[in-house]
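>>> Okay, sequence plus prediction incoming.
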Amino acid sequence: MKKTLLFTFLIAFNIIGFAQDTANETSLYQNTAEKLTSSDLKLTIGGYGEVHYNQVLNSETRNNGTLDVHRMVLFFGYNFSKNTQFVTEIETEHAFEVWVEQLYLQHKLNDYVNLRAGLLLIPMGIVNEYHEPTTFNGVERPLIDSKLAPTTWREIGAGVSGNILPANLKYQVYVVNGPSGYNGTAGLFNGNNGLRGGRQKGAESYISSPNITGKVEYYGIKGLNVGLSGYFGNSQSKLYDKLANTNTALKLKADSSVVGISMVGFDTRYNYKGLELRGQLYYTAFSNTEQYNQFTQKAGVKNDLGSEMLGYYVEAGYNVLRPFEQAKMELVPFVRYQNYNTHLAISGTTAPNAKYEGSIVTTGLTLKLTKGAVVKADLDFAKTAADSKAIATFNAGFGIMF
């Protein structure tokens, strides 16, 4: 039933879009890195940041709130020529962790093909590529962009990207290293967080087998953008390092530390006269999970990675200040429904865990003071199949992008 409702809602997005007059307008989205590479300036600098306050609400217990400079990021783009560009994104999280989130060299072959190589964002869904706080409603990013697709997900690789302008299609295809499933001493995947613990983030990454990822987006209808994305391959394992081809026992051991990954995503965004709709779905199938869970057990307790995961959300908002022509700000009340199950299917003797299936209703306000500056507040009501009641959390914060 849930799947039927989801696909009905997403199809409705498309029907609405097709009903509008195209008027030769398109809905091509560019993330910050793409904007930097399209600039005519020699050197371009940009950035974004966000500060958050989170407070669990419970009438029976007292809970401290948390305050966090969640992230501050600087972008740098440099044009060596009109065809050759460089982009990097340097991020500080929680006021002390420093990461390189993107770093790639791009060379334009023609109007339709760009070559890219370096530390690349995996083109899954919406938020992994468009994660600046001014680009989405809600203080925190959607939960499925953490549990299902480990945002911010980036890997080192190379490939092609571009736009087929006559068809209004944007595409990306990359060969990359995969997430680390076994670091030589412990398994890094589990049922609660899926692949998240295995992100290598470009930090002395290793590769035991190459993976492939890609996305295609259609943006030819006024206000509507539809994307289909995928990620396919195997997790990486350090047990393959210096492994003799003739050592069958060690090869079987290494094979047990790997899972096959097949992930697909569907996303859609629709904007029309102040109305904002978006929806996103991830489905992931893992192979070899029974062997992996047995091999990565801790203290005799078997791991619990599922063999299938599913998550989605649908969201609607409306700029209530749009009818007032003199208003220079935007105020968007919104509501979002999320649903996820990281134990959609399990294999072998792995036991299902009701805590890994849940839903979240988020409702709040996004106040866009001006282009590049937002103030946000919302309430989350989160519930799992193991809970008797929902947990309420109040969130507030601000974000900037320049």
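That came in fine, so what should we check first?
>>> Is residue 324 located within a helix, as I assumed?
No. According to DSSP: H, G, I helix; E, B strand; the rest coil, residue 324 belongs to no helix; its state is coil.
>>> Contacts for stretch 238-245, please.
Residues from elsewhere that reach stretch 238-245 (C-beta atoms under 8 Å, 6 or more residues apart in numbering): 180, 182, 183, 184, 206, 208, 250, 251, 253, 254, 257. For every residue, glycine as well, the C-beta is placed using N, CA and C.
>>> number of nearby residues for the fourth one?
Residues near residue 184, counting by other C-beta atoms under 10 Å, number 11.
>>> hang on, the earlier thing: can you list which of the contacts of stretch 238-245 are found in strands?
Under the assignment DSSP state E, the contacts of stretch 238-245 contribute 180, 182 to strands.
>>> Phi first, then psi, for the spatially most central residue of the chain.
Nearest to the mean C-alpha position of the chain, counting by C-alpha atoms, centre = their mean, stands residue 128 at 3.2 Å. For residue 128, the backbone dihedrals (degrees, to the nearest 10) come out as phi -60, psi -30.
>>> just the one 5 residues further on next, same as before
For residue 133, the backbone dihedrals (degrees, to the nearest 10) come out as phi -60, psi -20.
>>> pretty sure it contacts residue 52?
No. The pair residue 133 and residue 52 does not pass the contact test of C-beta atoms under 8 Å, sitting 9.4 Å apart.
>>> More neighbours: which of the two?
Set residue 133 next to residue 52 and count neighbours by other C-beta under 10 Å: residue 133 wins out with 25 against 19.
>>> Start and end of stretch 161-177, how far apart?
End-to-end distance for stretch 161-177: 18 Å, by C-alpha to C-alpha, to the nearest Å.
>>> Buried residues in that stretch, which are they?
Residues of stretch 161-177 classed as buried: 161, 162, 163, 168, 170, 171, 172, 173, 174, 176, 177 (neighbour count, 16 or more other C-beta atoms under 10 Å).
>>> ok now do the last one, which residues does it touch?
The neighbourhood of residue 177, defined by C-beta under 8 Å, 6+ apart, consists of 155, 156, 157, 200, 205, 206, 207, 210, 211, 236.
>>> Just among those, which is most surrounded?
residue 236 (27 neighbours).
>>> Relative to residue 152, how far out is that residue?
Note on residue 236: its distance to residue 152, by C-beta to C-beta, to the nearest Å, is 19 Å.
>>> Buried subset of the contacts of stretch 238-245 as a ChimeraX selection?
Applying 16+ other C-beta under 10 Å to the contacts of stretch 238-245 leaves a buried subset, and the ChimeraX line that selects it is:
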select :180,182,183,208,254,257
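>>> pLDDT score for residue 38?
What the model reports as pLDDT for residue 38 is 87.
>>> distance of the closest residue to it other than its chain neighbours from residue 163?
Leaving aside its sequence neighbours, residue 38 sits nearest to residue 30 (C-beta to C-beta, 6 or more residues apart in numbering; 7.0 Å). Remark: distance between residue 30 and residue 163 (C-beta to C-beta) = 10 Å.
>>> Likewise for residue 102?
Taken as C-beta to C-beta, the span from residue 102 to residue 163 is 19 Å.
>>> tell me the contacts of the residue nearest to the centre of the chain?
Contacts of residue 128 by C-beta under 8 Å, 6+ apart are 121, 122, 145, 149, 151, 152, 153.
>>> what's the closest of those residues to residue 315?
Each of these was checked against residue 315 using C-beta to C-beta; the closest is residue 145, at 12.5 Å.
>>> Just list the residues touching that closest one, thanks.
125, 127, 128, 151, 280.
>>> can I get the residues you listed in CSV with distance to residue 287, pLDDT and secondary structure?
Listed next are those as CSV, based on distance: C-beta to C-beta, whole Å; pLDDT from 0 to 100; DSSP: H, G, I helix; E, B strand; the rest coil:
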residue, distance to residue 287, pLDDT, secondary structure
125, 22, 95, coil
127, 27, 97, coil
128, 23, 97, coil
151, 23, 95, coil
280, 24, 98, strand
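>>> Brilliant, that's me finished.
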